[in-house]
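Colleague: Sharing a model that was predicted from the sequence below.
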Amino acid sequence: MRSFILAAFFALCASQVFALGVNITGLTTLSATDFLAPADASLASCSNPAPNAGPCTLALANVTACGTDDGCLCNNATVLSIVACEECMFTQLVNDNRRPSDPRAGQTSAIAAYGAACTVANHTIALTKDEIALTVPSNWDGPFGQGLTTLGTVVTVAAGAFIGVGMITVVNTM
């Protein structure tokens, strides 16, 4: 009887090891469902209810439908829906011009952590890097340099020339 209880306990513990757990730096190991629930405002704009379901709503429905089946959680359709959710949150972060408050929101590192969890569960994702990479939104104008005005440039060059000539004069008179 005792060996049966030990075998049952071992089987229970072993089944917990094989559940898909996403490990993101700064957070505990998360289930696939918790992975799609970041504490960031960008999730709200990507989680519209049906009939105009947002990409995060669809991704959560796919993950929920998979349950604990790692093969389903790591298949191409599920991963692409998760990437679409992350892409939507990334676009929202760019539109809001802010950093994410949660490492799961709109981050390439989050997608990489999900892929690593699939690899640990002995499932490979048959997608190319381009298919799972986040892309910059078309309305992003990119970083820009703060340039000087013409007057600012004249003043800066004059000050630099004055200091430079003064330094050369000091060195030559020593």
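Modeller: Cool, the structure landed.
Colleague: helices and strands of this structure: which one has the lowest mean pLDDT?
Modeller: helix 2-17 (a mean of 39; mean pLDDT, DSSP states H and E).
Colleague: For the residue positioned nearest the centre of the chain, give its distance to T33.
Modeller: The chain has Q107 as the residue nearest its centroid, 1.2 Å off, counting by CA atoms, centre = their mean. Going from Q107 to T33 by CB to CB, to the nearest Å gives 18 Å. Every residue, glycine included, has its C-beta placed from N, CA and C.
Colleague: first to last residue in stretch 99-109, what's the distance?
Modeller: Taking CA to CA, to the nearest Å, the first and last residues of stretch 99-109 lie 14 Å apart.
Colleague: Give me the pLDDT for P100.
Modeller: Listed pLDDT for P100 reads 84.
Colleague: What is the burial count for it?
Modeller: P100: 20 surrounding residues under other CB atoms under 10 Å.
Colleague: Same check on T68?
Modeller: Other residues lying near T68 total 12 when counted by other CB under 10 Å.
Colleague: backbone phi and psi for it, please?
Modeller: phi -110, psi 10 (degrees, to the nearest 10).
Colleague: Relative to I168, how far out is it?
Modeller: Relative to I168, and taking CB to CB, T68 is found at 75 Å.
Colleague: Now the strand or helix carrying E131: buried residues?
Modeller: Element membership of E131, judged by DSSP states H and E, is helix 129-132. Under the neighbour-count criterion of 16 or more other CB atoms under 10 Å, helix 129-132 has I132 buried.
Colleague: Would you map out the domains in this structure?
Modeller: Domain assignment for the chain, taken from automatic domain parsing, gives 2-143, 144-174.
Colleague: any idea which of those is most buried?
Modeller: Scoring the domains of the chain by mean neighbour count under mean count of other CB atoms under 10 Å gives domain 2-143 as the most buried, with a mean of 16.
Colleague: Show me how far the host helix or strand of V154 is from its chain's centre.
Modeller: Secondary structure assigned from DSSP H and E places V154 in helix 150-172. Taking CA atoms, centre = their mean, to the nearest Å, one finds the center of helix 150-172 at 47 Å from the center of the full chain.
Colleague: Could you do stretch 29-48 as well?
Modeller: Worked out by CA atoms, centre = their mean, stretch 29-48 lies 11 Å from the chain centre.
Colleague: quick one: contacts of that stretch?
Modeller: Stretch 29-48 has contacts (CB atoms under 8 Å, 6 or more residues apart in numbering) with 19-24, 54-57, 59-60, 63-64, 66, 73, 82, 85, 88-90, 92-93, 96, 100-106, 110, 114.
Colleague: what about it, average pLDDT?
Modeller: For stretch 29-48, mean pLDDT rounds to 80.
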